[in-house]
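Visitor: coords below, sequence missing:
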């Protein structure tokens with residue numbers, strides 16, 4: 001029965017990937033080269049053991065209530081920290097986006113067809129020559145989601161509200177950004 005937890009989201013992904021999602025959500029052509037570059041990058045981000053300890057000591061208890069599996073929790077925290085550091089994003093903002101988007105469920109599929117922890121749109125794997133299954137993998141999903149978020153933050157000159165609205169495909173609406181920013185506080 002536990003195999004359904006893995007098969008069902010992938011089957012749903014195949015069905016929803018053909019549906020039309022929010023108009024323009026994450027579809028900016030300038031994003032493709034940034035995502036290609038991000039997926040090719042590979043570096044160890046925990047150069048300072050103290051940084052790692054502080055991050056895990058602070059965040060692990062908060063995440064424990066949402067992610068039961070300790071290995072998965074560790075993997076999520078490592079990837080969020082590394083991608084945040086690589087892109088100079090506030091790690092707390094990334095955690096807030098993930099909480100709102102998927103409640104830390106890497107198998108989450110939205111009604112618009114977005115997939116994984118950071119709810120990346122399913123056209124990206126096709127465009128980048130990846131498989132749809134890679135969207136539920138923690139490293140790829142967080143790397144792509146953070147790259148997209150950073151792109152929108154840069155585009156909106158650091159305005160969290162506008163960048164988050166773009167990330168969600170809800171430009172000129174405050175409900176989503178407010179929800180994320182509430183969790184950031």
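Guide: Received the coordinates, thanks. Only a predicted model underlies this, so the values are computations on that prediction, with no experimental measurement involved. Numbers count the residues shown, from 1 in each chain.

Visitor: going forward, measure contacts between C-alpha atoms and count neighbours the same way
Guide: OK.

Visitor: Not counting the helix or strand that contains residue 60 itself, show me its contacts.
Guide: Assigned by DSSP states H and E, residue 60 belongs to helix 49-64. Taking Cα atoms under 8 Å, 6 or more residues apart in numbering as the criterion, the residues outside helix 49-64 that touch it are 46, 70, 73, 74, 77, 81.

Visitor: Let me know whether residue 93 touches residue 184 as I believe.
Guide: Yes: in this structure residue 93 lies within contact range of residue 184 using Cα atoms under 8 Å: 5.9 Å.

Visitor: what about those two, which has more around it?
Guide: Using other Cα atoms under 10 Å, the more surrounded residue of residue 93 and residue 184 is residue 93, with 21 against 16.

Visitor: I'd guess the more buried one is in a strand, am I close?
Guide: No: assigned with DSSP: H, G, I helix; E, B strand; the rest coil, residue 93 falls outside any strand and is helix.

Visitor: can you pull the buried residues of stretch 106-123?
Guide: The neighbour-count criterion (16 or more other Cα atoms under 10 Å) identifies 106-110, 112-123 as the buried residues of stretch 106-123.

Visitor: tell me how far the ends of it are from each other?
Guide: From its first residue to its last, stretch 106-123 covers 17 Å (Cα to Cα, to the nearest Å).

Visitor: Name the surrounding residues that touch stretch 73-84.
Guide: Taking Cα under 8 Å, 6+ apart as the criterion, the residues outside stretch 73-84 that touch it are 44-46, 55-56, 59-60, 63-64, 67, 89-91, 94-95, 138-139, 142-143, 146.

Visitor: quick one: it to chain centroid distance?
Guide: The gap between where stretch 73-84 is centred and where its chain is centred comes out at 11 Å by Cα atoms, centre = their mean, to the nearest Å.

Visitor: swap in stretch 74-85?
Guide: Taking Cα atoms, centre = their mean, one finds the center of stretch 74-85 at 11 Å from the center of the full chain.

Visitor: what do you get for stretch 140-151?
Guide: Taking Cα atoms, centre = their mean, the mean C-alpha location of stretch 140-151 is offset from the chain mean by 6 Å.

Visitor: now, the most widely separated pair of the contacts of helix 49-64?
Guide: Pairwise distances across the contacts of helix 49-64 (Cα to Cα) peak at 19.1 Å, for the pair 46 and 70.

Visitor: PyMOL command for the buried members of the contacts of helix 49-64?
Guide: Entered in PyMOL, the line below selects the buried ones among the contacts of helix 49-64, by 16+ other Cα under 10 Å:
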select buried, resi 73+74+77+81
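
Visitor: Look up phi and psi at residue 115.
Guide: Main-chain torsions, residue 115, degrees, to the nearest 10: phi -130, psi 140.

Visitor: what's the spacing between it and residue 105?
Guide: According to Cα to Cα, residue 115 and residue 105 sit 10 Å apart.

Visitor: Residue 147 too?
Guide: In this structure, residue 147 and residue 105 are separated by 19 Å, where distance is defined by Cα to Cα.

Visitor: Many thanks, I have nothing further to ask.
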